[in-house]
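# Predicted model and sequence follow; I will ask about them next.
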Amino acid sequence: MAASLSDLTRLVEWAGLDPELLQQAMTDPNIRRLVSENSATQSHLDFLPSQVSPGDEGDEDLPAKLLEQAKAAHLRDQFLPPIKAPQISRSALLASFARPSSRSRSTNGSTAVQIRQNLVGTSPGYATTILGELRRVGINDMFARMRQEGAYLLCRIISLTSHTVSVDMIVEDPFGIACMLAVYRYPTTLDCTEEQADAIFPIGTILAVREPCYRLPPSGKVPYVRVDAPSDIVFLGPDSALLNDVSWAARGPSVAIRQPDTAAAWKDRGNHYFKRKEWICAASAFSDGLVQDPENHLLLLNRSAAYLELGWFRSAAYDAERVIGMNLQNPQLVRKAVYRAAKAYYLSGRYDDVRRLSSGNPDGAETQQLCRSAEQRLCERDSGQYDWASIFSATRAPASRPDIAAYLGPVEVRTPTESSRPRGLFVTQNVKAGDLLMVSKPIASYFPEDTPSKRGEASMTFNMLKNAIETRGEYALVDLIVHRLWDDPGLASIIQAMYAGEGFPTASAYAPVPPTAAFSTGCLSHSRVPGVDIDIGRVEGVAAMDVFDISEHPVTFLVSASEQDEGNKPEHPAALYELPSFCNHACLPSAGRAFFGDVMVVRATQDLKAGEEVTMSYYDSTETYQKRTDSIQRQWQFACDCLLCKADLSDTAAARSQRAEAVAMLSSLGIAAIKQRIAQIKSSYSDSPERRQCGVKPELYLASRRLGFAYCSENSAMGMSFLTPSKAKACLIAFMDALEAVGLVITDRSVSGQVINPSALPVDTTRLPALSHLCTVSVIQMVSALWSIGENVRAKNWLKVAIRIENFDTGGAEALFREKYHSVLIDLPF
Ligand SMILES: C[S@@+](CC[C@H](N)C(=O)[O-])C[C@H]1O[C@@H](n2cnc3c(N)ncnc32)[C@H](O)[C@@H]1O
């Protein structure tokens with residue numbers, strides 16, 4: 001349902017926002033960027049001004065103001081008493097859902113924008129009582145602004161669907177009373193077309209909504225039943241006992257969908273959806289066929305294929321294993337079943353089961369190939385040895401999800417009894433800096449490239465848990481987690497154990513669930529019946545607290561200095577991981593992460609003794625103290641007391657703000673001005689024991705590195721590819737200052753003259769830099785500068801330094817280094 005100003009009005013009403021403020025927001029570049037990121041063409045955002053004047057900084061506080069308003073509207077609503085909702089006539093509701101014909105839609109040249117708008121953090125509940133124990137209510141029995149505990153709403157779909165964030169439809173109860181039903185986060189619906197939503201929720205279908213929540217939007221006009229947890233929806237077949245004494249007062253929908261009545265006809269319908277890649281409809285049709293004929297091996301095989309496509313591996317394996325267990329005489333069907341089961345095991349990391357299946361069924365070439373890959377994965381999983389260079393090559397493509405095994409190193413989750421630290425990750429044995437701690441595959445990952453951009457679509461989520469307005473990535477990720485939970489009750493216990501914010505209790509200890517455990521119980525009895533009741537509030541809490549921005553430490557590309565400085569981030573990929581989520585924060589962390597596609601690789605950044613804590617930095621450690629503190633407070637509400645924070649606090653507040661001002665807008669400054677800023681920054685650090693112990697001065701790093709880049713770019717602006725000796729020298733000094741500011745101990749700062757010991761590296765190799773991930777690019781720039789002035793021995797030695805630091809940071813030794821920095825190294829004779 002696309003609309004422009006009318007949708008904007010609805011949005012304003014729905015979110016309880018002040019229209020004037022929203023209007024103002026739409027002219028604000030910060031909000032504009034947020035809103036327009038998913039839009040294929042700006043022209044479809046016709047309610048936004050077509051031009052934003054360059055240099056217009058906008059109102060920095062606007063996102064915060066909008067968020068506050070959304071929160072206030074929500075709170076107001078919460079404190080209002082439940083009321084009997086106004087009844088809207090069935091015909092008026094149906095008229096509002098009348099869909100223009102596809103012909104008129106394609107010819108009206110609409111410039112409408114579809115606004116995907118949502119509020120996260122309203123603690124949506126979910127039903128846990130089974131349907132049989134609930135009593136039936138009608139729409140007129142329900143009170144708005146409350147969940148109808150102990151009850152279910154029996155209703156029938158009487159309209160086509162409408163789709164913005166939720167899938168909306170009109171339903172009627174047996175008394176003929178109609179209302180709107182909005183279903184959020186139902187598997188595969190976030191980006192589906194209206195036609196696909198119609199197929200998932202066909203007209204005439206009878207539903208039971210467990211413990212429904214009747215909502216009255218702040219506008220107070222049209223009440224609707226809102227389903228936040230899709231497991232609250234139960235599809236009822238015509239034979240359901242719950243319908244025995246039910247007669248429908250109204251005529252029902254005007255268009256009747258004819259449902260198949262034999263297993264074979266359901267199979268044909270499923271195959272039709274499968275060909276159209278509508279996997280959930282296909283799985284549902286095969287399930288309906290199996291209700292008629294539970295032992296039908298073709299339906300089981302086909303449903304297994306649909307489940308594989310949906311990523312519901314537990315059920316895909318189960319269906320295929322059932323077919324294998326039937327000992328069919330047709331070898332082709334047996335091979336298919338074996339391959340589908342093996343593939344489901346492989347994709348869920350159960351490599352031993354792939355081995356088992358393939359040794360019992362040596363015929364299928366595809367299964368044997370899968371088994372060879374499984375052997376490689378088993379080797380990775382058991383040894384922690386990976387071919388990082390090849391993995392890197394494979395992850396160059398966007399939205400990459402590399403096919404490698406997860407690895408669990410010497411780490412465990414526990415709550416320390418010896419200190420007041422919260423539950424976190426700890427090493428179980430002594431480790432060295434650079435040692436691999438874990439290779440973690442995501443529970444769910446989202447890349448903007450996954451969803452082809454939608455014409456004229458805008459996305460804006462007010463996340464009250466994170467105190468932030470977000471783009472669609474974070475919202476979509478919750479959908480992906482729900483999708484996985486549908487088939488995997490084992491994942492529900494992981495989500496249950498993860499930190500979800502202050503409102504959700506967490507267990508103190510946590511042992512990772514081995515992949516085999518999650519598979520121990522059955523499968524989906526029907527694709528429409530999830531394996532678990534979905535605690536959607538907790539999932540949203542986990543997503544708000546534990547999700548990683550996976551573009552922040554990329555292994556896949558070299559971020560240029562100016563990009564790094566100005567952080568004008570496009571919508572970013574994001575992922576949720578199991579063990580890394582238990583890791584507490586330190587601005588100066590004991591571990592670092594690197595991403596190969598959506599796989600997170602965690603290594604120690606310092607030597608750790610058994611029992612010491614593994615920490616990672618949630619934020620960019622080069623941010624100023626104030627920014628780091630604000631960010632952490634806003635989202636996680638704790639105060640960091642790491643060495644860097646202690647060092648920053650050993651300076652006066654005035655000194656901290658002096659250097660915060662000095663690092664602002666560095667990239668727009670010329671060399672003289674940067675030097676001036678560097679002098680200010682240097683004088684702002686006190687020589688405190690805390691600073692000496694910490695050894696890191698992030699602002700000095702930023703400014704000195706900027707100076708180094710300024711020398712290089714000034715030269716290329718003058719059309720010179722080689723640096724003059726004096727420029728090269730100045731550039732080298734600037735980069736060395738930067739590297740020392742993040743903890744690299746340089747033992748030979750000379751840049752010309754005789755190299756005293758050509759075989760010795762110019763750094764202390766026994767002590768690696770505290771913020772090693774910041775070093776390689778600067779060192780490569782030094783290598784280039786040294787090479788350009790003929791300092792080849794020094795250049796080679798600094799290159800060895802770069803390889804060493806990079807290996808310590810991301811592993812992969814020289815092979816990965818060469819692969820990763822190929823485009824830069826090509827100009828150098830190494
Ligand atoms: C992603 S979780 C980290 C793991 C969490 N401690 C757990 O029990 O699962 C983030 C939460 O951990 C706590 N936390 C993380 N780092 C901390 C630190 N340095 N000091 C105190 N609490 C911290 C905060 O409650 C924060 O909201």
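On my side now, so go ahead.
# Could you find the closest non-adjacent residue to D737?
The shortest distance from D737 to any non-neighbouring residue, by Cβ to Cβ, 6 or more residues apart in numbering, is to S704 (4.0 Å). Using the backbone N, CA and C atoms, a C-beta is placed for each residue, glycine as well.
# mind listing what the one you found touches?
Contact analysis of S704 by Cβ atoms under 8 Å, 6 or more residues apart in numbering lists 678, 734-735, 737-738, 741.
# at 7 Å instead, please
With contacts defined as Cβ atoms under 7 Å, 6 or more residues apart in numbering, the neighbours of S704 are 678, 734, 737-738, 741.
# which among the residues you listed gets closest to the ligand?
Closest to the ligand out of these is A741 (23.0 Å), distances taken as Cβ to the nearest ligand atom.
# immediately after the helix or strand bottoming out on mean pLDDT in the chain, which helix or strand?
For the chain, using mean pLDDT, DSSP states H and E, the weakest element among its helices and strands is helix 561-566, scoring a mean of 39. Downstream of helix 561-566, the next assigned helix or strand under DSSP states H and E is strand 574-576.
# Which residues outside that following strand are in contact with it?
442-446, 473-474, 477, 481, 542-543, 546-550, 598.
# separation between the residue of the stretch 701-830 of the chain found nearest the ligand and A433?
Closest contact between the stretch 701-830 of the chain and the ligand, by Cβ to the nearest ligand atom, is at A770 (16.4 Å). Using Cβ to Cβ, to the nearest Å, one gets 10 Å for the distance from A770 to A433.
# surely A250 meets G176?
Yes. Using Cβ atoms under 7 Å, A250 makes contact with G176 at a distance of 3.6 Å.
# quick one: the strands in the stretch 451-600 of the chain?
457-463, 468-470, 548-549, 574-576, 584-585, 591-596, 599-604 (DSSP state E, counting those that start in this stretch).
# which stretch among those strands comes nearest the ligand?
Closest of these to the ligand is strand 584-585, at 3.4 Å (criterion: Cβ to the nearest ligand atom).
# from the chain's centre, how far out does that closest one sit?
Put simply, strand 584-585 sits 19 Å off its chain's centre (Cα atoms, centre = their mean, to the nearest Å).
# Which secondary structure state is assigned to the residue lying closest to I203 once chain neighbours are set aside?
Leaving aside its sequence neighbours, I203 sits nearest to P253 (Cβ to Cβ, 6+ apart; 4.6 Å). Using DSSP: H, G, I helix; E, B strand; the rest coil, the structure places P253 in coil.
# For P294, grab the count of nearby residues.
Residues within reach of P294, counting by other Cβ atoms under 10 Å, total 11.
# can you check K697 too?
Neighbourhood size, K697 [other Cβ under 10 Å]: 26.
# Against the ligand, how distant is it?
Using Cβ to the nearest ligand atom, to the nearest Å, K697 is found at 21 Å from the ligand.
# tell me the average confidence for stretch 388-404?
Mean pLDDT, stretch 388-404: 92.
# That one: end-to-end distance?
Start and end residues of stretch 388-404 are separated by 10 Å (Cα to Cα, to the nearest Å).
# how about that stretch: buried residues?
388-389, 391-392, 394-395, 400-401, 404 (16 or more other Cβ atoms under 10 Å).
# I'd like the list of those residues that fall within strands, please.
Among the buried residues of stretch 388-404, DSSP state E puts none in strands.
# List just the nearest of these to the ligand.
Closest to the ligand out of the buried residues of stretch 388-404 is R401 (22.6 Å), distances taken as Cβ to the nearest ligand atom.
# Does the closest one touch F595 like I think?
No. R401 sits out of contact with F595 when judged by Cβ under 7 Å, with a separation of 11.2 Å.
# who are the neighbours in contact with the closest residue to the ligand within the stretch 651-800 of the chain?
Across the stretch 651-800 of the chain, no residue is closer to the ligand than C694, which sits at 15.3 Å (Cβ to the nearest ligand atom). By Cβ under 7 Å, 6+ apart, the contact set of C694 is 588, 643-644, 647.
# nearest to A500, of those?
Set against A500, the nearest of these by Cβ to Cβ is L588 (26.8 Å).
# Pull the number of nearby residues for that closest one.
By the criterion of other Cβ under 10 Å, L588 has 23 neighbours.
# if I read this right, it contacts C645, doesn't it?
No. At 8.2 Å, L588 and C645 do not qualify as touching, with contact defined as Cβ under 7 Å.
# what residues does this protein put near the ligand?
Taking Cβ under 6 Å from any ligand atom as the measure of proximity, the chain contacts the ligand at 422-424, 499, 506, 545-546, 581-582, 584-586, 636, 638, 640.
# Which of these are buried, as a ChimeraX select command?
Filtering the residues of the chain next to the ligand down to the buried ones (16+ other Cβ under 10 Å) takes a single ChimeraX command:
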select :423,424,499,506,545,546,581,582,584,585,586,636,640
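# For the stretch 651-800 of the chain, which segments count as strands?
Counting by DSSP E, counting those that start in this stretch, the stretch 651-800 of the chain has no strands at all.
# where in it is pLDDT low?
Flagging of the stretch 651-800 of the chain using pLDDT under 70 yields the residue ranges 715-722.
# do the stretch 51-200 of the chain as well
Of all residues in the stretch 51-200 of the chain, those with pLDDT under 70 make up the ranges 51-63, 100-117.
# can you give me the helices in it?
Taking DSSP state H, counting those that start in this stretch as the test, the helices found in the stretch 51-200 of the chain are 62-79, 90-96, 102-107, 194-200.
# Equivalent analysis for the stretch 601-750 of the chain, please.
According to DSSP H, counting those that start in this stretch, the helices that the stretch 601-750 of the chain contains are 625-636, 643-649, 653-663, 671-684, 689-694, 698-717, 725-741.
# between these, which gets nearest to G364?
Here helix 625-636 is closest among the helices of the stretch 601-750 of the chain (Cβ to Cβ), at 49.3 Å.
# S788 reaches K727, doesn't it?
No. If you go by Cβ under 7 Å, S788 and K727 don't touch, sitting 9.3 Å apart.
# May I have the secondary structure class of the one residue in the stretch 201-350 of the chain that gets nearest to the ligand?
Per Cβ to the nearest ligand atom, G349 is where the stretch 201-350 of the chain lies closest to the ligand, at 22.4 Å. With three-state DSSP as the basis, G349 sits in coil.
# in terms of contact, does it touch A406 like I think?
Yes. Applying Cβ under 7 Å, one finds G349 in contact with A406, separated by 6.3 Å.
# Walk me through the regions of the stretch 251-400 of the chain where pLDDT falls short of the threshold, as ranges.
For the stretch 251-400 of the chain, the stretches with pLDDT under 70 are 256.
# Distance from the chain centre to stretch 369-381, please.
In terms of Cα atoms, centre = their mean, the centre of stretch 369-381 is found 27 Å from the chain centre.
# Convert the C-alpha atoms of it to CSV, please.
Extracted C-alpha coordinates of stretch 369-381, given in CSV (Å, rounded to 0.1, in the frame of the first residue of the first chain):
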residue,chain,number,x,y,z
GLN,A,369,31.6,-33.9,-2.8
LEU,A,370,29.8,-32.5,0.3
CYS,A,371,31.6,-35.0,2.4
ARG,A,372,35.0,-33.8,1.1
SER,A,373,34.0,-30.3,2.1
ALA,A,374,32.8,-31.5,5.5
GLU,A,375,36.3,-33.1,6.1
GLN,A,376,37.9,-29.7,5.4
ARG,A,377,35.5,-28.1,7.8
LEU,A,378,36.1,-30.7,10.5
CYS,A,379,39.8,-30.0,10.1
GLU,A,380,39.2,-26.3,10.6
ARG,A,381,36.9,-26.8,13.6
